[in-house]
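Enquirer: following is a predicted model, sequence given first.
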Amino acid sequence: MVTAAYLSRAGLDVLVLERRDILGGAAVTEEVIPGFKFSRASYLAGLLRPKIVEELSLEERGLKYLIRDPSSFTPSRDPGAPSLMLGSDMERTCASIAQFSPADARAYPAYEELLGKVRDVLRPLLDAPPPNPFQGRFRERRQSLQTMAELTSGALRHKEILPELYDILTAPASQILDKWFESEMLKTTLACDAVIGTMTSPKNVGSGYVLLHHVLGEAAGRQGVWAYVEGGMGAVSDAIAKAASEAGAELRTGCAVSEIVLDSKGRAKGVRLAGGEVFTARRAVVSNLTPHQTVMHLLNEDAYGKDGASARVREKKQRLADYRRHIRGADYTCGAFKINCALDSLPNFACLPNDESGLPGPQHRGTIHFENRMCEIERASVEASLGIPATCPVIEMTIPSSLDSTIAPPGKHVAQLFVQFAPYDVDPVEGSWHDPRFKNAFVNRVLSIVDEFAPGFQDSIIGLDALSPLDLENIFGLHKGNIFHGALGLNQIGWARPAPGWSSHRTPIDSLYLCSAGNHPGGGVSGAPGRNCAAILLSDMGIGI
């Protein structure tokens, strides 16, 4: 819808076709349990690009960030044991860290300062495709040169951190954190961001980049911050939909596309719905599906015919075959599992009991981590790599109703459990996500871990909505349940996303463009791939964004 909004603003006639009966893809708010509104898939905002918020006037159209402070809480299992709380107040944060390591408390401000400088250096890469001054028309080449100039300026401004930036981009997250800190509690809390949406371990090369990816964002003008959105993540999509429709775009739901229709020259000329209806495009077809779904499911393999092709057509066929080979072989492992809970009361942590008033405390506002040692993450990732859902999954809980009174009845709450290391491809010896008993056993395992930290949690659940990797694929179209539309490995970012040489949102099929998170800069509700795709398409038409 971001692409649709920008194209409509440029004067093009735009039709958006959504398979489900609700707009927004994975950024939706759904009342699965009466009275409780779940951000059913995506659940936090922090990567949405400020340029998009400003240019599409999203705040005027209903987007309201709810800043979480403290942003992170890591409880201990035992009553009276220390817990870790990280927030915007550096003095309080360091005091919390000092419970586990005075040395870490002294190092933490410098670590945060480093991340701030890294964000400043890399920011230009988020608001444009990877620069390539030898590709495209004048506007695109000018944008590439501008991006390169801004990157150079940032690098010169912070040249002292460039070696560490290289280290973060290429090293295992555990190695990076070991250089800075000694406390298991702090390192484990920070390492959780290195495995979100992956099947990797903090000890694996490339996990440092995933860690960095999750601290690049900003919300409400605050750097590195993740926020709730009032009304749930569907409010983000609703605001973008308003911007698109007010600019003239037509938005239709309940329209499942079954095929991208090509003309006799192999150019994308429209789409065919599952019911047979065909919509013709005068200029272009843009897909927000994962690259795998778009290329492997919606495109005819014989796009340029089978026989009698000219040398030019044979060249196009080979390019498409090479492209399909890369898309087919892309890594979509993820291991994400989502549990949305309607609660009768707030979780009551043994180490930091609730206030007698029953009102949310600082321990309820941010992301709650249930891992205290790095080996817990490592063990879970090893099991998942073998096709075994983790015995002790990595769990992050958020309670948006602690700040948002619009999503639950008075006195009740919504808890979201984002769970890692539930592989899509389960070893058949272990079971299958198709089996409700297997799925429920995993859910119960997750809830029992939360119960160890917050006794009585399971008893407080009024109802829940559990989404396995298979559910994420079937409901939201996320291939193999991958929340990023493709893993964020070092071989699948930047100029290699979604395939080497195709980071410009174009495809080997003329007039077919990709605008999903399967493109640079990757996953998360950023809107960046949509804005960047619109800029490329308009540049190809000789129009500026």
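Expert: Arrived safely, thanks for sending.
Enquirer: could you list the low-pLDDT ranges of the stretch 201-350 of the chain?
Expert: For the stretch 201-350 of the chain, residues meeting the criterion pLDDT under 70 lie at 303-309.
Enquirer: let's see that with 80 instead.
Expert: 217, 301-310, 313 (pLDDT under 80).
Enquirer: check the chain too.
Expert: Those would be 217, 301-310, 313, 544-545, if you go by pLDDT under 80 across the chain.
Enquirer: by contact count, what packs against the longest helix seen in it?
Expert: The helix that spans the most residues within the chain, counting by DSSP state H, is helix 102-126. Packing partners of helix 102-126 (3 or more Cβ pairs under 8 Å, 6 or more residues apart in numbering; DSSP states H and E): helix 90-98, helix 138-157, helix 162-170, helix 173-180, helix 207-213. Any C-beta I mention is one placed from the backbone N, CA and C, and that applies to glycine too.
Enquirer: if you set the cut-off to 7 Å instead, what comes out?
Expert: helix 90-98, helix 138-157, helix 162-170 (3 or more Cβ pairs under 7 Å, 6 or more residues apart in numbering; DSSP states H and E).
Enquirer: nearest to residue 245, out of the ones you listed?
Expert: Residue 245 lies closest to helix 138-157 among the helices and strands packed on helix 102-126, at 26.4 Å (Cβ to Cβ).
Enquirer: just the strands in the stretch 251-400 of the chain please.
Expert: 257-262, 268-273, 278-280, 285-287, 337-343, 367-369, 394-398 (DSSP state E, counting those that start in this stretch).
Enquirer: only the buried residues of the first one, if you could.
Expert: The one in question is strand 257-262. 257, 260, 261, 262 (16 or more other Cβ atoms under 10 Å).
Enquirer: my guess is the last one contacts residue 272. True?
Expert: What it means is residue 262. No: contact criterion Cβ atoms under 7 Å: residue 262 and residue 272 do not qualify, at 10.7 Å.
Enquirer: of the strands of the stretch 251-400 of the chain, which approaches residue 150 most closely?
Expert: In terms of Cβ to Cβ, the element of the strands of the stretch 251-400 of the chain nearest to residue 150 is strand 285-287, at 26.5 Å.
Enquirer: was I right to think residue 346 contacts residue 354?
Expert: Yes: using Cβ under 7 Å, residue 346 is in contact with residue 354, at 5.8 Å.
Enquirer: what about those two, which has more around it?
Expert: Legend: neighbour count by other Cβ atoms under 10 Å for residue 346 and residue 354, higher for residue 346 (24 against 17).
Enquirer: how near is that one to residue 358?
Expert: 7 Å (Cβ to Cβ, to the nearest Å).
Enquirer: burial measure for residue 272, as a count.
Expert: 15.
Enquirer: equivalent analysis for residue 46, please.
Expert: 21.
Enquirer: run through the residues that contact it.
Expert: 217, 219, 225, 226, 227 (Cβ atoms under 7 Å, 6 or more residues apart in numbering).
Enquirer: please report how far it lies from residue 125.
Expert: Where residue 125 is concerned, residue 46 sits at a distance of 17 Å (Cβ to Cβ).
Enquirer: residue 285 now?
Expert: 27 Å.
Enquirer: neighbour count for the two, which is higher?
Expert: A direct count of neighbours by other Cβ under 10 Å for residue 285 and residue 125 places residue 285 higher, at 23 against 20.
Enquirer: the more buried one against residue 515, yeah?
Expert: No: between residue 285 and residue 515 there is no contact under Cβ under 7 Å: 10.7 Å.
Enquirer: give the burial count for residue 336, as a bare number.
Expert: 24.
Enquirer: so what's it up against?
Expert: By Cβ under 7 Å, 6+ apart, the neighbours of residue 336 are 197, 418, 420, 469, 472, 481, 483.
Enquirer: quick one: contacts for residue 180?
Expert: With Cβ under 7 Å, 6+ apart, residue 180 has these contacts: 107, 111.
Enquirer: and what of the one 10 residues further on?
Expert: Residues in contact with residue 190 (Cβ under 7 Å, 6+ apart) are residue 177.
Enquirer: name the secondary structure element that contains it.
Expert: Element membership for residue 190 (DSSP states H and E) is helix 184-191.
Enquirer: next, the angle helix 102-126 makes with that helix.
Expert: In terms of direction (axes from the mean of the first three to the mean of the last three Cα atoms, to 10 degrees), helix 184-191 departs from helix 102-126 by 10 degrees.
Enquirer: helix 184-191 vs helix 173-180, what angle?
Expert: Using the same axes, to 10 degrees: helix 184-191 against helix 173-180 is 130 degrees.
Enquirer: circling back: next step: the contacts of residue 336 restricted to strands.
Expert: Members of the contacts of residue 336 lying in strands (criterion: DSSP state E): 418, 420.
Enquirer: in JSON lines, list the contacts of residue 336 along with distance to residue 412.
Expert: As requested, the contacts of residue 336 are arranged in JSON lines below (distance: Cβ to Cβ, whole Å):
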{"residue": "197", "distance to residue 412": "29"}
{"residue": "418", "distance to residue 412": "21"}
{"residue": "420", "distance to residue 412": "27"}
{"residue": "469", "distance to residue 412": "29"}
{"residue": "472", "distance to residue 412": "26"}
{"residue": "481", "distance to residue 412": "29"}
{"residue": "483", "distance to residue 412": "27"}
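Enquirer: which of the contacts of residue 336 are buried?
Expert: Buried among these by 16+ other Cβ under 10 Å: 197, 418, 420, 469, 472, 481, 483.
Enquirer: would you indicate which residues of stretch 291-299 are buried?
Expert: Buried, per 16+ other Cβ under 10 Å, within stretch 291-299: 291, 292, 293, 294, 295, 298, 299.
Enquirer: and if you look at stretch 320-332?
Expert: 320, 323, 324, 326, 327, 330, 332.
Enquirer: just those residues now: which is nearest residue 424?
Expert: Out of the buried residues of stretch 320-332, the member with the shortest distance to residue 424 (by Cβ to Cβ) is residue 332, at 7.8 Å.
Enquirer: from residue 197, how far out is that closest one?
Expert: For residue 332, the distance to residue 197 - Cβ to Cβ - is 11 Å.
Enquirer: now residue 49
Expert: 19 Å.
Enquirer: what of residue 273?
Expert: In terms of Cβ to Cβ, residue 273 sits 31 Å off from residue 197.
Enquirer: again with residue 80
Expert: 35 Å.
Enquirer: identify the spatial nearest neighbour of residue 510, chain neighbours not counted.
Expert: Leaving aside its sequence neighbours, residue 510 sits nearest to residue 267 (Cβ to Cβ, 6 or more residues apart in numbering; 4.3 Å).
Enquirer: next, count neighbours for the one you found.
Expert: Residue 267 has 16 nearby residues by other Cβ under 10 Å.
Enquirer: surely it meets residue 507?
Expert: No: judged on Cβ under 7 Å, residue 267 makes no contact with residue 507 at a distance of 11.2 Å.
Enquirer: residue 426 against residue 439, yeah?
Expert: No: checked against Cβ under 7 Å, the pair residue 426 and residue 439 is beyond contact range at 10.3 Å.
Enquirer: joint contacts of these two?
Expert: In contact with both residue 426 and residue 439: residue 433, using Cβ under 7 Å, 6+ apart.
Enquirer: which ones are touching residue 334?
Expert: 197, 198, 199, 424, 469, 480, 481, 482, 483, 487.
Enquirer: same deal with residue 375?
Expert: By Cβ under 7 Å, 6+ apart, residue 375 has no neighbours at all.
Enquirer: distance of it from residue 328?
Expert: 36 Å.
Enquirer: repeat that for residue 107.
Expert: 45 Å.
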